[in-house]
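Engineer: from the sequence below, what's the structure:
(one chain, ligands or ions: 3)
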Amino acid sequence: MNITVVQHPLVQHKLGLLREGDISTMKFRQLTQELARLLAYEATRDFELETIQIDGWCGKIDIEQIKGKKVTVVPILRAGIGMLDGVLDLVPSAKISVVGLARNEETLEPVSYFDKFVDSLDERIAIIIDPMLATGGSMNATIELLKRKGCKQIKAVVMVAAPEGVKAVNDAHPDVQIYSASLDSHLNEHGYIIPGLGDAGDKIFGTKHA
Ligand SMILES: O=P(O)(O)OC[C@H]1O[C@H](OP(=O)(O)OP(=O)(O)O)[C@H](O)[C@@H]1O
Ligand SMILES: O=c1cc[nH]c(=O)[nH]1
Ligand SMILES: [Mg+2]
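Structural biologist: Ligands and ions are numbered 1, 2, ... in the order given. Below you'll find the model as predicted:
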């Protein structure tokens, strides 16, 4: 299975705190941002650098900068929004593309309701963010939208992944690297990740049901 599970102690500690059953909206949101920041650090580790010359205080010097056009971060609505600020802390000049998808609770198929992409996607690295990779339907739909717009370098950053979703993405898009804080056990009969986090969107937006 092609996935990078980030084993950093801070990542594992924060993930454990997120799994608390009756966690508050405030705590879930805060931990999601902290985790997103750490996961983004790992996902950007292989970004290419180029050397440029600038005027330093003592004359011309060579410095390194990230090569190419600015990255685009792609939150999948709604829950992906919860990770956005954490990722932007690390890549503050990133452009943001948005994809709105909601899973049909019966069929588990993603239903598209919005998208808005930045330009020149063929020249940008896209980092898709969504806390949950369950069946993989939402992630694959987003990857397909990006590829249709010409995007060639895509990374997927999630907090928790199910083996079923990782396989679905690996099979359809072997070129897309997946980063996660955890590879969990399986999906239950309702398509929820076990042990997972429950409904991440509801927990981030405070719409969680009793
Ligand atoms: O891998 P999949 O089976 O497609 O499931 C994962 C998707 O489900 C959740 O979103 P949801 O549809 O609940 O929307 P929300 O973010 O508005 O809560 C989650 O945030 C993912 O986008
Ligand atoms: O476990 C899951 C699966 C889909 N969406 C969620 O928010 N959680
Ligand atoms: Mg949801």
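
Engineer: from memory Leu88 sits against Lys95, does it?
Structural biologist: No: in this structure Leu88 lies outside contact range of Lys95 using C-beta atoms under 8 Å: 10.7 Å. (Each C-beta comes from the backbone N, C-alpha and C, glycine too.)

Engineer: common neighbours of the two, please.
Structural biologist: Overlap between the neighbourhoods of Leu88 and Lys95 consists of Val73, taking contacts as C-beta atoms under 8 Å, 6 or more residues apart in numbering.

Engineer: mind listing what Thr142 touches?
Structural biologist: Residues counted as contacts of Thr142 (C-beta under 8 Å, 6+ apart) are Val74, Ile76, Val99, Leu101, Ile128, Asp130.

Engineer: could you rerun that using 10 Å?
Structural biologist: Under the criterion of C-beta atoms under 10 Å, 6 or more residues apart in numbering, the neighbours of Thr142 are 74-76, 80, 97, 99, 101, 110, 112, 115, 126, 128-130, 154, 156.

Engineer: mind listing what's buried in the helix or strand encompassing it?
Structural biologist: Here Thr142, judged by DSSP states H and E, is contained in helix 137-148. Neighbour-count burial for helix 137-148, with 16 or more other C-beta atoms under 10 Å as criterion, is recorded at Gly137, Ser138, Met139, Asn140, Ala141, Thr142, Ile143, Leu145, Leu146, Lys147.

Engineer: what does stretch 83-93 give?
Structural biologist: In terms of neighbour count (16+ other C-beta under 10 Å), stretch 83-93 has its buried residues at Met83, Leu84, Gly86, Val87, Leu88, Leu90, Val91.

Engineer: list of residues touching stretch 9-16?
Structural biologist: 5-6, 8, 30-35, 37-39, 41-42, 159-160, 180-182, 197.

Engineer: do that stretch and ligand 2 meet?
Structural biologist: No: no part of stretch 9-16 sits close enough to ligand 2 to count as contact by C-beta under 6 Å from any ligand atom; the gap is at least 13.9 Å.

Engineer: let's have the buried residues of helix 137-148 in CSV, adding distance to Asp62.
Structural biologist: Shown next, in CSV, are the buried residues of helix 137-148 (distance: C-beta to C-beta, whole Å):
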residue, distance to Asp62
Gly137, 46
Ser138, 43
Met139, 39
Asn140, 42
Ala141, 43
Thr142, 38
Ile143, 37
Leu145, 39
Leu146, 34
Lys147, 36
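
Engineer: JSON lines for those residues, including distance to ligand 2 and pLDDT?
Structural biologist: Compiled in JSON lines, the buried residues of helix 137-148 are given as follows (distance: C-beta to the nearest ligand atom, whole Å; pLDDT from 0 to 100):
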{"residue": "Gly137", "distance to ligand 2": "10", "pLDDT": "98"}
{"residue": "Ser138", "distance to ligand 2": "8", "pLDDT": "98"}
{"residue": "Met139", "distance to ligand 2": "11", "pLDDT": "98"}
{"residue": "Asn140", "distance to ligand 2": "14", "pLDDT": "98"}
{"residue": "Ala141", "distance to ligand 2": "14", "pLDDT": "98"}
{"residue": "Thr142", "distance to ligand 2": "14", "pLDDT": "98"}
{"residue": "Ile143", "distance to ligand 2": "17", "pLDDT": "98"}
{"residue": "Leu145", "distance to ligand 2": "19", "pLDDT": "98"}
{"residue": "Leu146", "distance to ligand 2": "20", "pLDDT": "98"}
{"residue": "Lys147", "distance to ligand 2": "23", "pLDDT": "98"}
